[in-house]
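**Q** this one's sequence-less:
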C-alpha cells in the first residue's frame, strides 16, 4: 500500500538524526578511545592546547598508570567511592521507595499530596540539591543544630563533607581476592536457589561459573588488570581505601532526590497487581502482612531490578551533585566524573581524562547493554 | 467500647499517618530552610538561628538575584526554549518513522540510538570539545543548543515512538488508501493526535536542559554560562538566595 517513494522519504527524514547521533555518540567514543591511548597532555614538550600539538601513540600506558602509579591515587579512591556510593544510594532509594509506596498503598487520605511531596525533589537539578544540602549539613548549622533548636539536645558534631574518617578499611591489593570471594558466594546462593527449585541443569552451570572464577584468580589473570601498585606503603598512608565517611551527606542528599522516583515505580508496580489476586489470598486465610510478603513483593522483583539498573547508572555517572556539595577538589569525595573534568578541563591532561572516561563508559555499558537488549527483545516479542 | 480488633486497626491507621507526616516534614525540611533564609536580611543570617523565622520579610534578595543573574537566566531561557522545541519536533518525526514505517535494520538502529541517552557524557567530552572548537561553536549558546538537541534525540524519539505505537495501524492504512502519503499522514493524522506526547516530551526536555550542568560548565565561556553554573559558583550562604 505504501509506496517506495514514501519509504524513501521516511528514511531521509530519519537520516539527519542517525548521522548526528552516529557522529556525536559512536564516532566521538571512538575518538575518545584513541585519545586515551596517546600522550596528549602528558608530554611537557607539547603544549596540549596549541594548534599543532603532536599526540604520540602510547598504547595502554595511561590505563596502566591509573592502576599503579603513585600520583594517580585519586583515580583509585574515586573507584572505591563509586562502589560505596552506588551500594548505599541504591539500597537507600529502594528501601525508602518501598516503604513510602507500601504506606501510600493503604488507601490514605491525601495520597496525591503525599505523592507530590515525595516526588518533587526529582524535578530539581542536582546542582540545586547539592547547594541546598551543603547548607543543610554545614558545620555548626542546619541539620546539625536541628535537634538543639527543636528539643534542646546536643548539636551533632559530625563534619559531613570534610570528615577524614574511613570505615571498613581494606587494602587496594586485596580487592581481586574479595571480588573472587563475592563472585563465588553469589554463585553459591544462586546454586542453592536453583537446586531448591529442582533446576539441576541451571545449578550445574552456576557451579561451573564458580569454578571458572576460582581458576581465573588462581591463574593470576587478575594481576594483568589489577596491576601491582608502584609503592603500596605510600598508597596506604596517603590514600587509605575504605568507605569515606565524607560521602554520607552526599548519599543522604541523593536519596532525598531519587527515593520519590523509586516510590513512583513501586506504586505503579503494586497498582498493576490485580485486586482479585489479593482477594483470593485473603480468602485462603492470608493475613494482610502475608499478602504483601507472598503476593505483592515477589511480583515486584522485575521493578526492583529496573530501579537498580536506573539508579545504578545514575550513581556511576554522578558528577554535578558532588561538584555542588563537596566541591571538585575534595579529595575524600572524589568520583570518576569529577576526575574527568579536573584532568581534562583544569590540568589539560586530555589523554588521562579520556582514559578515566572510557572506564566510566565501560562500567555503565556493562549494566545498560544487557538491560536494553532484554527490554527490546521483550518488546518485539509483545508486538509479535 | 471498641473491640480489640477495631482497636488494633485504629492504631495501625494512626501510625501510618504519623509516619507519612514525619516523612513529609523530613522531605520539606530543606525547602523550609531555603525559603526562610532567602527572606532574611543578609545580616540576620547566622548559623545558630538557621531554623528561626525571619524577624521581617525581606524580599530584596530576589530582585538582587534577578539583577546579578539576569544575563545567565536569559542564557538558560534561550537555550532551553530553542533546544526543547527543536528536539521535540525532531523526536516526533523520528518516533513516527520508527513506529509506523518498517525500515530495513530498524531493530538494530533503534537500540543503537537509545544507547546514546545512557552513556556518561564524560566519555565524549574531549572529542566534543575539539569538534565544537573546530566548527567554531565552542563557548556560545548556539553550540550548547546543538549539543542538547543531539543528546536529547534518543529520549524524545523513544517517548514519541512508544506513544505512536498505540495509534491503530488501520487508521493510517485507510488514510493511505485515500491517497495520503508520508507527509499527509503525519500532518493530518499523527500530529493532531500528538498533543499529550508533546506535553510529556516538552516537560521532560525542559527540566533536563534547565537542570543540566556538565555541558554547561565545560562548553561555555563565562559570558554564556547558564544559571546552573552560576549557582554552583556562588559560595555558602549567598547561594540560598
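**A** Cool, got the structure. None of the values given here were measured: they were computed from a predicted structure.

**Q** Tell me where chain B has helices.
**A** Ranges of helices within chain B are B:4-38, B:60-100, B:106-115, B:125-134, B:141-164, B:169-177, B:182-185, B:195-211, B:214-218, B:227-233, based on DSSP state H.

**Q** nearest to residue A:34, of the ones you listed?
**A** Taking C-beta to C-beta, helix B:125-134 is the member of the helices of chain B nearest to residue A:34, at 9.2 Å. From N, CA and C alone the C-beta is placed, and that goes for glycine too.

**Q** Let me know the average pLDDT across the closest one.
**A** Per-region confidence: helix B:125-134 scores 93 on mean pLDDT.

**Q** who's in contact with it?
**A** A:24, A:27-28, A:31-32, A:35, A:340-341, A:344, A:350, A:353-354, A:357, B:138, B:143, B:147, B:214, B:218-219 (C-beta atoms under 8 Å, 6 or more residues apart in numbering or on different chains).

**Q** Could you report the pLDDT at the closest residue to residue B:58 other than its chain neighbours?
**A** Excluding the flanking residues, the one nearest residue B:58 by C-beta to C-beta, 6 or more residues apart in numbering or on different chains is residue B:41, at 4.6 Å. The score at residue B:41 is 79. That number is its pLDDT.

**Q** Backbone dihedrals for residue B:41, please?
**A** Per-residue torsions, residue B:41: phi -70, psi 140 (degrees, to the nearest 10).

**Q** Correct me if wrong: it contacts residue B:59.
**A** No: between residue B:41 and residue B:59 there is no contact under C-beta atoms under 8 Å: 10.5 Å.

**Q** Settle it for me: which of those two has more neighbours?
**A** Remark: of residue B:41 and residue B:59, residue B:41 carries more neighbours, 13 against 9, as counted by other C-beta atoms under 10 Å in any protein chain shown.

**Q** Distance check, residue A:364 against chain B.
**A** 5 Å (C-beta to the nearest C-beta, to the nearest Å).

**Q** Could you pull up the contacting residues of that residue?
**A** By C-beta under 8 Å, 6+ apart, the residues touching residue A:364 are A:313, A:316-317, B:118-120.

**Q** In TSV: those, plus neighbour count and distance to residue B:85.
**A** Below are the contacts of residue A:364 laid out as TSV (neighbours: other C-beta atoms under 10 Å in any protein chain shown; distance: C-beta to C-beta, whole Å):
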residue	neighbour count	distance to residue B:85
A:313	20	28
A:316	22	31
A:317	23	27
B:118	19	24
B:119	23	24
B:120	25	27
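
**Q** Out of those residues, name the two that are farthest from one another.
**A** Within the contacts of residue A:364, two members stand farthest from each other by C-beta to C-beta: A:316 and B:119, at 11.0 Å.

**Q** burial of residue 193, as a residue count?
**A** Because you didn't say which chain, this covers chain A. Neighbours of residue A:193 under the rule other C-beta under 10 Å: 13.

**Q** right idea, wrong chain: chain B
**A** Using other C-beta under 10 Å, residue B:193 has 13 neighbouring residues.

**Q** Now it: closest residue in space, sequence neighbours ignored.
**A** Leaving aside its chain neighbours, residue B:193 sits nearest to residue B:167 (6.1 Å; criterion: C-beta to C-beta, 6+ apart).

**Q** Which parts of the stretch 151-300 of chain A are strands?
**A** A:166-170, A:241-244 (DSSP state E, counting those that start in this stretch).

**Q** mind listing what the last one pairs with, with the direction of each?
**A** If I follow you right, that is strand A:241-244. Sheet pairing for strand A:241-244, assigned by DSSP bridges, gives strand A:166-170 (antiparallel).

**Q** Present the contacts of residue A:364 as a markdown table; the columns should include pLDDT and distance to residue B:24.
**A** Shown next, in a markdown table, are the contacts of residue A:364 (pLDDT from 0 to 100; distance: C-beta to C-beta, whole Å):
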| residue | pLDDT | distance to residue B:24 |
| --- | --- | --- |
| A:313 | 92 | 29 |
| A:316 | 95 | 31 |
| A:317 | 95 | 30 |
| B:118 | 94 | 33 |
| B:119 | 95 | 36 |
| B:120 | 95 | 34 |
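
**Q** Closest to residue B:47 out of these?
**A** Using C-beta to C-beta, residue A:317 is the member of the contacts of residue A:364 that lies nearest residue B:47, at 33.4 Å.

**Q** Report the contact partners of that closest one.
**A** A:337, A:360, A:364, B:120-122.

**Q** now, which of the residues you listed sits nearest residue A:272?
**A** Closest to residue A:272, out of all of these and judged by C-beta to C-beta, is residue A:364, at 28.3 Å.

**Q** The host helix or strand of the closest one - what's its average pLDDT?
**A** For residue A:364, the host element (DSSP states H and E) is helix A:350-382. Taken as a whole, helix A:350-382 carries a mean pLDDT of 87.

**Q** give me the low-pLDDT residue ranges for chain B?
**A** The model of chain B has pLDDT under 70 over residues B:1, B:235-241.

**Q** Domain parsing of it, as residue ranges.
**A** B:4-49, B:60-240 (automatic domain parsing).
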